[in-house]
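Engineer: 3D model of this:
(4 chains)
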Protein chains: 4
Amino acid sequence: MTLNVGVIGTGMIGQDHIRRLTQVLPGARVAAVADIDLDRAKAAADNVPGSRVHQSGLDLVGDESIDAVVVCSWGPAHPEPVLACIEAGKPVFCEKPLATTEEDCDQIVDAEVAVGRRLVTVGFMRRYDAGYQAMKQALSRGEIGAPLIMHSAHRNASVPASVTSEMIVLDTGVHDIDIARWLLDAEVAATAVLKPRRGSRAADDLQDPLILLLEMSSGVLVDIEVLVNSGYGYDIRGEIVGETGTVELAETAAVVIKRDGGFGGRVPADWRERFVRAYDAELQQWIDAASAGTATGPSSWDGYAATAVTNAGVQALHGGARVEVSLRPQPDLYRAAGGTGGKG
Amino acid sequence: MTLNVGVIGTGMIGQDHIRRLTQVLPGARVAAVADIDLDRAKAAADNVPGSRVHQSGLDLVGDESIDAVVVCSWGPAHPEPVLACIEAGKPVFCEKPLATTEEDCDQIVDAEVAVGRRLVTVGFMRRYDAGYQAMKQALSRGEIGAPLIMHSAHRNASVPASVTSEMIVLDTGVHDIDIARWLLDAEVAATAVLKPRRGSRAADDLQDPLILLLEMSSGVLVDIEVLVNSGYGYDIRGEIVGETGTVELAETAAVVIKRDGGFGGRVPADWRERFVRAYDAELQQWIDAASAGTATGPSSWDGYAATAVTNAGVQALHGGARVEVSLRPQPDLYRAAGGTGGKG
Amino acid sequence: MTLNVGVIGTGMIGQDHIRRLTQVLPGARVAAVADIDLDRAKAAADNVPGSRVHQSGLDLVGDESIDAVVVCSWGPAHPEPVLACIEAGKPVFCEKPLATTEEDCDQIVDAEVAVGRRLVTVGFMRRYDAGYQAMKQALSRGEIGAPLIMHSAHRNASVPASVTSEMIVLDTGVHDIDIARWLLDAEVAATAVLKPRRGSRAADDLQDPLILLLEMSSGVLVDIEVLVNSGYGYDIRGEIVGETGTVELAETAAVVIKRDGGFGGRVPADWRERFVRAYDAELQQWIDAASAGTATGPSSWDGYAATAVTNAGVQALHGGARVEVSLRPQPDLYRAAGGTGGKG
Amino acid sequence: MTLNVGVIGTGMIGQDHIRRLTQVLPGARVAAVADIDLDRAKAAADNVPGSRVHQSGLDLVGDESIDAVVVCSWGPAHPEPVLACIEAGKPVFCEKPLATTEEDCDQIVDAEVAVGRRLVTVGFMRRYDAGYQAMKQALSRGEIGAPLIMHSAHRNASVPASVTSEMIVLDTGVHDIDIARWLLDAEVAATAVLKPRRGSRAADDLQDPLILLLEMSSGVLVDIEVLVNSGYGYDIRGEIVGETGTVELAETAAVVIKRDGGFGGRVPADWRERFVRAYDAELQQWIDAASAGTATGPSSWDGYAATAVTNAGVQALHGGARVEVSLRPQPDLYRAAGGTGGKG
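Structural biologist: Numbers count the residues shown, from 1 in each chain, chains lettered A, B, ... in the order given. You can find the predicted model right below:
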């Protein structure tokens, strides 16, 4: 009855998922961990009674006592265990990106299609956020008519000096790309990058902020402001403009305080505070689906499309011009609609 | 075509009305001023080319070149010039209170009724505020059903040490009393005063905050928090709870700023900032009506009723018990409905 | 490692807690149920693999395989199993009210004090709501100075015709009473009931709305509007006015929609939508504490104090006058501060 | 003491300014009108006691009894009377655009520079709006650091079928262009037009919505959504993202109503409702300056720059590519900073 989960990668996000599987959500237990840093794996296992340590991700996937796998290693290491899970018929939750190259994504999609059923879920947690779900509902109920434009802003309080302009597209903007695809039920046909004045707190060669433009297959235009050194907090904004109205994310503050000549509320400090419940819901739904031997939510196809767009975005960042995105034909496997899942 | 206005009382509010008549609003000019402090009157007149100084308010009212009068002296001095204006058939704008005693208010009402037309307007400027007008409109359109409860809060940033608990009822709470009567289209049947914990910044014998309860003739209950040392700003709040919904004053900030981990907007610093446009609209409508030889807006009856309630409120403040308010029968003159005017 | 929980009372709230223990929260399982309606108990057990049905609540408490108990029967039936749990040394979560009479509450407090450790948690779930927790934090951080007044409004969309005026105090207002005691860290010294105009949709003898006044031991005044037929939704409002500022619950809508000439957001439909996460957090913390053999959160003392105040409130409702509340001396057991727990 | 104003053009906006000069603002009177449609001019004059009708705008400017002129004719007819006013040394308020070609604007600038003092004010009323003024203040006080990005949205409820895509840039977007220049204290260096999916209610060849991009001389990027058939109201949005924070226009609703499961407020129906006070303030400041023989507020230079940008915008609309904007050197006359006036 309890899902035996193996976790590959025990860094920050891996440890957070281990905590979630162990202390927050019912229905699963962490039965094994693996990490390229064996000491870190052992330290993680020490906190979870009854969990084993494997020498490699492949060993973990091959462990017969493991029912399902969570992949939290770094991006380039994702395809190997994901492919092994597909081969073994084990549901796998893979943190974004599914893979860093379209070729690797292709291979995963091909493998899953060959198996004939969904086994892979990609960690685009925003789809589980109450705000985005209410936006999706407003759209599907026709409350604002057909969408025409989407405005998005993704602001972090600050980032380490190691963050590069490419990472702003690949790791930060990717969330806005996926949520736009999901909300608008359309693929990205082309992308471009605009370069506003750089903030003085950005590192020397960091294009911060930047604006990522997406032309959707439906003609909807998406502008995404990404600002990773906002200075004031972690602020995720989104508005969809439709033919008869608009829908917009509300502020999330639980209270309003009046003092010193003003009123005000809190802006979240970071993504954990902002999306804690989305992460919980994401993994709970994955546990429930995996316990039934299947997968829901963002699919390999979504992971593939996101990588195709972010890679085009990096090309646009460097080249300066608009870059078209051409996707392979979508396999039938990913056409089943519904919930937070694949698009039709 | 231009209304020749005489202003009695050239203190702070008098000077503000002179500025308004002279620099802000069309259709009137200040032709004469009077003040018990003759030097202050002269100083005020010096700023207004062509204005005379009278030795007394009665002299000013008697000046044949004066078409209409604004009374801004202190409360006990209001009845004399107001009665003189009625006798002279001159429209008069009287700052609140109309008079400090019910007897004096009675006399003014009697005099106006004897003349058979409205000449008096009392300075309850809130009726001209966009927020309260929208509340009134929501009620009259039936958007929230019949009113059941009204919550009101009247908060000043701070007050001088000279302010007494009685003044909190008489000078501060009176605005909430009038606006409740106007919005709810009902008289006050009884009042009581509740005494919460006193703030540490209140003077020793000042009951700050206090809660004034009004039982309306319609059964609607009104609770008015008055807090004159809020510390944070001038904050006027109001909500009416009806049978099918509620209507509430919105925040008035023109912009929202995000910084330092939060979002926020401005609370007005004082009544001037909060009600500047209400004051302008109030006096403009008075000028327009006075130019036509009549009066609109809050009437002698409204002034009388407010004084009856505030005096009962002071009695309740001291006695601790609920005090009934009994009003004389309302003369027909004040039954004409409409606009910001008298109630039916 | 898994807490074996017995649930007494399998009505609406009992079934909801069974769902929560079974599908939402980790660390517990429902091992047995009991209900005065045996068929209902069996139906509930049928949905939970491995759970037994007991003939009575006392049988369930006596079941050696049961580690801890959740009591969801109707109020008058609460004391018996709660006392049995205390005697058996088993942690017990009791829905409000702890008991309907002060005498029964007294007996529970005495029994728990005799045991010398906390075993009882009372189901005042608001203490776990993000909004109220942020209010508490603002107060404890001194962001608004010492509290002077608290305004509370508790509005249901509608209630069945069977609801009486007494129930408005006992079952509805009790939540506002507990949260006021917790936020303000003070006991209620006296209470009174005000009776506004009744809404047309209230049943003939239902006093809806009513205003419950609480005078706290600290002098803080609390006014609680309870309106159980608001017509528009389930709207929980709260504002604390302090010496230097105020803190207020924010709207909870996740998105704002603009259409048809306006902007707007959703008001929750009912208490489930509004407090779903508070219920989850409440029971999770209880599971965690019970697994450690203890209890946290609202205590027997809180249950006792709430019953003392609601009973005084009913007396005030009928008698019309202010009613003083006198509590027994608080046992040391309940003086431990911290978290959502007892007051010092 | 009263400014004798002549109004050229008595269409909708002209009549609105006549009403404003006559009934709303002190210090001026309408002494003469002119209109290419003589009957319309006569009808307008009939409503204003004492006003004459001139056969042409030039006749009106030449009328010695006229102190200052308001030009409300259609755009191509603006330069002639404006130049005549400059020649005559008469202050002139010219509705936007100052002129439809850069050449005509040039000529006006040259003429005014030759005179050596400002006589021309262009009707960019947004600079007088409380919201934009608060944004400007937040910037100048350094509350959000140096600006990096500005997001603007300009949404009309609907427009007549006669409106063209060019007019969306020339007549609608021009307001956002001017306010961006003023708020950011920078010129536009280049512009581009993005073309989102068209709404189904847009006429066949109308690009509605469109996004106008402005690259400011300071590097700040401005994106302006213009949607002239929003369906839901007249909604003006603006946000400036700075190095340490953001400032954004707040909603303008005076009350919030709760009913039918939601809360909400009003979006203005049209530009009159939204900007009524800005129009009043704009013209009052013009009257005050004109009475002193000078001009303040948006200058000929601002009119010239706006026309240069909108014409580039139309070129970008048709050509599809980014179009650079090159301005002549700014004459010293327009370097005086301050208030709502010219930039340095």
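Engineer: Point out where the stretch 201-344 of chain A drops to low pLDDT.
Structural biologist: Across the stretch 201-344 of chain A, the ranges flagged by pLDDT under 70 are A:336-344.
Engineer: how about the residues of it near chain B?
Structural biologist: Proximity of the stretch 201-344 of chain A to chain B (CB under 8 Å from any CB of the partner chain) is limited to residues A:231-233, A:235, A:251, A:253, A:258-267, A:269. To be clear about C-beta, it is placed using only N, CA and C from the backbone, and glycine gets the same treatment.
Engineer: ok, of those residues, which come out buried?
Structural biologist: In these, burial by neighbour count holds for A:231-233, A:235, A:251, A:253, A:258-259, A:261-267, counting by 16 or more other CB atoms under 10 Å in any protein chain shown.
Engineer: if we can go back for a sec, the residues of the stretch 201-344 of chain A next to chain B also near chain C: which ones?
Structural biologist: Of the residues in those, proximity to chain C by CB under 8 Å from any CB holds for A:251, A:253, A:258-260, A:265-266.
Engineer: what's the closest of the residues you listed to residue B:83?
Structural biologist: The nearest member of these to residue B:83, counting by CB to CB, is residue A:258 at 43.9 Å.
Engineer: The closest one: what's its closest spatial neighbour, skipping adjacent residues?
Structural biologist: Leaving aside its sequence neighbours, residue A:258 sits nearest to residue C:246 (CB to CB, 6 or more residues apart in numbering or on different chains; 4.6 Å).
Engineer: List phi and psi for the residue most central in space within chain A.
Structural biologist: By CA atoms, centre = their mean, chain A has its centre lying nearest to residue A:124, at 2.4 Å. Phi and psi for residue A:124, reported as degrees, to the nearest 10, are phi -90, psi 90.
Engineer: got a list of what the nearest residue to residue A:233 once chain neighbours are set aside touches?
Structural biologist: Closest residue to residue A:233 apart from its sequence neighbours, by CB to CB, 6+ apart: residue A:267 at 3.5 Å. Contacts for residue A:267 (CB atoms under 8 Å, 6 or more residues apart in numbering or on different chains) come out as A:232-235, A:251, A:253, B:258, B:261-263.
Engineer: Recalculate using a threshold of 7 Å.
Structural biologist: Applying CB atoms under 7 Å, 6 or more residues apart in numbering or on different chains to residue A:267 gives the contacts A:232-233, A:235, B:258, B:261-263.
Engineer: Kindly reformat those residues as JSON lines containing secondary structure.
Structural biologist: Shown next, in JSON lines, are these (DSSP: H, G, I helix; E, B strand; the rest coil):
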{"residue": "A:232", "secondary structure": "coil"}
{"residue": "A:233", "secondary structure": "coil"}
{"residue": "A:235", "secondary structure": "strand"}
{"residue": "B:258", "secondary structure": "strand"}
{"residue": "B:261", "secondary structure": "coil"}
{"residue": "B:262", "secondary structure": "strand"}
{"residue": "B:263", "secondary structure": "strand"}
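Engineer: Any chance of a markdown table for the ones next to chain C among the residues of the stretch 201-344 of chain A next to chain B, columns secondary structure?
Structural biologist: Shown next, in a markdown table, are those (three-state DSSP):
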| residue | secondary structure |
| --- | --- |
| A:251 | coil |
| A:253 | coil |
| A:258 | strand |
| A:259 | strand |
| A:260 | coil |
| A:265 | strand |
| A:266 | strand |
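Engineer: Greatest separation within those: which pair is it?
Structural biologist: A:251 and A:260, at 19.5 Å, using CB to CB across those.
Engineer: SS state for the residue nearest to residue A:221 when sequence neighbours are not counted?
Structural biologist: In space, and not counting its chain neighbours, residue A:221 is closest to residue D:196: 3.6 Å by CB to CB, 6+ apart. Secondary structure assignment for residue D:196 (three-state DSSP): coil.
Engineer: Against residue A:223, how distant is residue D:196?
Structural biologist: Using CB to CB, to the nearest Å, we find residue D:196 at a distance of 9 Å from residue A:223.
Engineer: And for residue A:36?
Structural biologist: The gap separating residue A:36 from residue A:223 is 38 Å, by CB to CB.
Engineer: And for residue A:267?
Structural biologist: Distance of residue A:267 to residue A:223, given as CB to CB: 21 Å.
Engineer: And residue A:93, by the same measure?
Structural biologist: 31 Å.
Engineer: for chain D, what are the nearby residues on chain A?
Structural biologist: A:146, A:148-149, A:151, A:194, A:196-197, A:199-201, A:209, A:211, A:218-221, A:223, A:225, A:227, A:231-232, A:241, A:243-245 (CB under 7 Å from any CB of the partner chain).
Engineer: Can you tell me which of those end up in helices?
Structural biologist: Residues of those located in helices (DSSP state H): none.
Engineer: Now the buried members of these.
Structural biologist: Neighbour counting over these (16+ other CB under 10 Å) leaves A:146, A:148-149, A:151, A:194, A:196-197, A:199, A:201, A:209, A:211, A:220-221, A:223, A:225, A:227, A:231-232, A:241, A:243-245 as the buried ones.
Engineer: Now name the helix or strand holding residue A:7.
Structural biologist: Per DSSP states H and E: residue A:7 is located in strand A:3-8.
Engineer: contacting residues for the closest residue to residue A:291 other than its chain neighbours?
Structural biologist: Leaving aside its chain neighbours, residue A:291 sits nearest to residue A:3 (4.9 Å; criterion: CB to CB, 6+ apart). When contacts are counted by CB under 7 Å, 6+ apart, residue A:3 touches A:27-28, A:67-68, A:287, A:290-291.
Engineer: show me where the stretch 151-300 of chain A has strands.
Structural biologist: Secondary structure of the stretch 151-300 of chain A, counting by DSSP state E, counting those that start in this stretch: strands at A:188-194, A:210-216, A:221-227, A:235-242, A:245-249, A:255-259, A:262-266.
Engineer: In a markdown table: these, plus distance to residue A:20.
Structural biologist: Shown next, in a markdown table, are the strands of the stretch 151-300 of chain A (distance: least, CB to CB, whole Å):
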| stretch | distance to residue A:20 |
| --- | --- |
| strand A:188-194 | 30 |
| strand A:210-216 | 30 |
| strand A:221-227 | 27 |
| strand A:235-242 | 21 |
| strand A:245-249 | 24 |
| strand A:255-259 | 27 |
| strand A:262-266 | 24 |
